[in-house]
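# Provided below for reference: sequence and predicted model.
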Amino acid sequence: MIQCTTNCSLGHVSWQIAVDRPTPDGLALEVEQCSCPPGYIGTSCEDCAPGYERSGHGPYLGTCVPVQQRQPQCTGPGAVSPYAGHGGRCQCKTYAQGPNCDQCPPNSFYMAATNPQGCIPCFCSGVTQQCQSSSFRRQIVEINYPRGDRDQLILTTSDIRQPYHPPTPAYVSGRAIEFVNFQEANGQTLYWKLPAKFLGNKVTAYGGTLKYTFRFSGEGRTNQEPDVIIRGNDITLQYTHRQPIHAERENTIELKFFEDGWQRVDGQQGTREHLLMALADLDDILIKATYMEECSQSSLISVSMEFAEPQGRGQVAYEVEQCSCPPGYIGTSCEDCAPGYSRTGGGLYLGLCERCECHGHATQCDKEYGFCVDCQHNTEGDQCER
């Protein structure tokens with residue numbers, strides 16, 4: 001080893017290797033050329049021939065076996081590969097276990113081959129770790145202008161501190177809601193704000209689909225702003241799709257409420273916790289209306305969003321958790337306070353639910369702020385204390 005006390009530099013490095021063509025340096029007599037058996041190639045039989053693959057067994061680098069003759073050993077939906085690794089063991093995804101990777105570990109539920117994690121970890125707002133798949137079925141809330149819907153949407157920006165007030169409102173035509181007066185937008189990216197029926201507690205939208213169809217026209221380059229923004233419980237998440245879109249044509253975007261498709265405003269990957277907290281009390285769902293630098297027209301034709309409820313008529317929402325909530329909590333993810341309880345600032349995620357103090361004069365209280373509702377026995381005050 002050379003130790004430098006001041007400055008140290010490396011000027012030239014050379015390394016002789018052997019190649020299969022004539023060179024001025026002569027033959028590499030020290031390099032072996034093996035007569036490889038079927039399935040092996042390379043001067044030292046170090047690689048598998050086409051149609052063969054490494055089995056993980058055998059001496060040194062492992063035996064090369066024909067691909068078609070090697071039977072899959074790991075058939076569980078939680079397996080990383082259908083073939084066992086070294087030691088003959090299946091490699092399981094993060095939330096999968098068992099010899100065949102076909103079991104959910106404790107505090108997780110619903111194994112699916114399409115889930116890169118295997119099973120889904122219980123969230124339950126941090127108040128319990130006991131959950132299973134719900135028995136709720138998918139239901140759809142939608143706006144479909146071609147079918148005669150008349151929902152009046154407003155245009156806004158992504159910045160709630162600088163709301164946009166269009167000089168003329170968007171108007172509902174026979175087939176879409178349209179906006180054409182972009183002159184005073186001053187280069188801002190505008191968004192359609194979905195109405196109240198899409199908002200509030202939509203925690204059961206997890207795993208469901210948001211689908212919308214739109215049309216636009218204009219000139220210049222397309223902007224790179226997020227396509228969908230959701231906000232709830234002081235959390236903002238953004239979604240940017242990767243499929244091409246076209247002016248003067250109908251475009252349909254379909255996205256899933258899974259965390260791997262959403263990002264925080266700082267560019268970091270959204271988590272399951274972030275997504276469920278936002279869905280538990282949605283304040284805004286924004287769908288991009290301005291796609292080009294100089295937009296001249298934007299139309300939203302239809303929007304549909306899947307959530308789940310006990311009376312739903314669609315497919316079973318296996319991705320929605322049903323938590324075993326402790327006293328004081330209700331909801332599939334224990335996201336709400338039970339009657340007689342209110343939210344406090346402590347605890348994880350959404351806060352703790354504690355019993356309201358109404359001095360025996362009321363049974364109900366505001367679940368967010370804790371003041372008693374409908375004081376009895378000639379009492380009054382936030383806690384029926386007078």
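Received, thanks. Residues are numbered from 1 along each chain as shown.
# lowest average confidence, helix or strand, in this protein?
strand 52-54 (a mean of 83; mean pLDDT, DSSP states H and E).
# what separates stretch 85-97 from the chain centre, distance-wise?
25 Å (CA atoms, centre = their mean, to the nearest Å).
# Kindly indicate whether the nearest residue to residue 176 once chain neighbours are set aside is helix, strand or coil.
Excluding its sequence neighbours, the residue lying closest to residue 176 (CB to CB, 6 or more residues apart in numbering) is residue 299, at 4.0 Å. Glycine gets a C-beta too; all of them are placed from N, C-alpha and C. Three-state call for residue 299 (DSSP: H, G, I helix; E, B strand; the rest coil): strand.
# Could you measure from residue 299 over to residue 192?
10 Å (CB to CB, to the nearest Å).
# what residues are shared contacts of those two?
Common contact partners of residue 299 and residue 192 (CB atoms under 8 Å, 6 or more residues apart in numbering): residue 177.
# Give the residue from those two that has the larger number of neighbours.
residue 192 (24 against 21; other CB atoms under 10 Å).
# give me the beta-bridge partners of that one?
Assessed by DSSP bridges, residue 192 has beta-bridge partners residue 155, residue 287.
# can you pull the contacts of it?
153-155, 177, 286-289, 300.
# Residue 346 now?
residue 352.
# Let me know the helix or strand that it is in.
Under the criterion DSSP states H and E, no helix or strand holds residue 346.
# for this structure, what spans make up the helices?
272-279 (DSSP state H).
# Where does pLDDT dip in it?
For the chain, the stretches flagged by pLDDT under 70 are 1-12, 14, 19-24, 68-71, 86.
# Quick one: end-to-end length of stretch 354-365, please.
Taking CA to CA, to the nearest Å, the first and last residues of stretch 354-365 lie 11 Å apart.
# Residue 297 contacts residue 247, doesn't it?
No. Counting by CB atoms under 8 Å, residue 297 does not reach residue 247; the two are 9.5 Å apart.
# tell me, what's touching these two both at once?
Shared contacts of residue 297 and residue 247 (CB under 8 Å, 6+ apart): 216-218.
# Distance-wise, check the residue nearest to residue 164 when sequence neighbours are not counted relative to residue 163.
Spatial nearest neighbour of residue 164, chain neighbours left out: residue 157 (4.9 Å); criterion: CB to CB, 6+ apart. The span separating residue 157 from residue 163 equals 7 Å under the rule CB to CB.
# who has more neighbours, these two?
For residue 157 versus residue 163, neighbours defined as other CB under 10 Å are more numerous around residue 157 (17 against 11).
# didn't that one look like it was pressed against residue 166?
No. Counting by CB under 8 Å, residue 157 sits too far from residue 166 to count as a contact (10.9 Å).
# In contact with residue 36, which residues?
42, 45.
# Format the contacts of residue 192 as TSV; extra columns: neighbour count and distance to residue 224.
Shown next, in TSV, are these (neighbours: other CB atoms under 10 Å; distance: CB to CB, whole Å):
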residue	neighbour count	distance to residue 224
153	20	23
154	15	24
155	24	20
177	25	24
286	24	16
287	19	16
288	26	11
289	25	15
300	24	20
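# Tell me the one of the residues you listed nearest residue 25?
Of all the contacts of residue 192, residue 25 sits closest to residue 288, with 62.3 Å by CB to CB.
# Could you measure from the residue nearest to residue 304 when sequence neighbours are not counted over to residue 190?
Counting by CB to CB, 6+ apart, residue 142 is the residue found nearest to residue 304 once chain neighbours are left out, at 3.8 Å. Counting by CB to CB, the gap from residue 142 to residue 190 is 22 Å.
# who has more neighbours, these two?
Using other CB under 10 Å, the more surrounded residue of residue 142 and residue 190 is residue 190, with 23 against 16.
# got a list of what the more buried one touches?
155-157, 164, 179, 182, 288-290, 298.
# can you pick the most crowded of the shared contacts of residue 297 and residue 247?
Neighbour max across the shared contacts of residue 297 and residue 247 (other CB under 10 Å) = residue 216, 23 neighbours.
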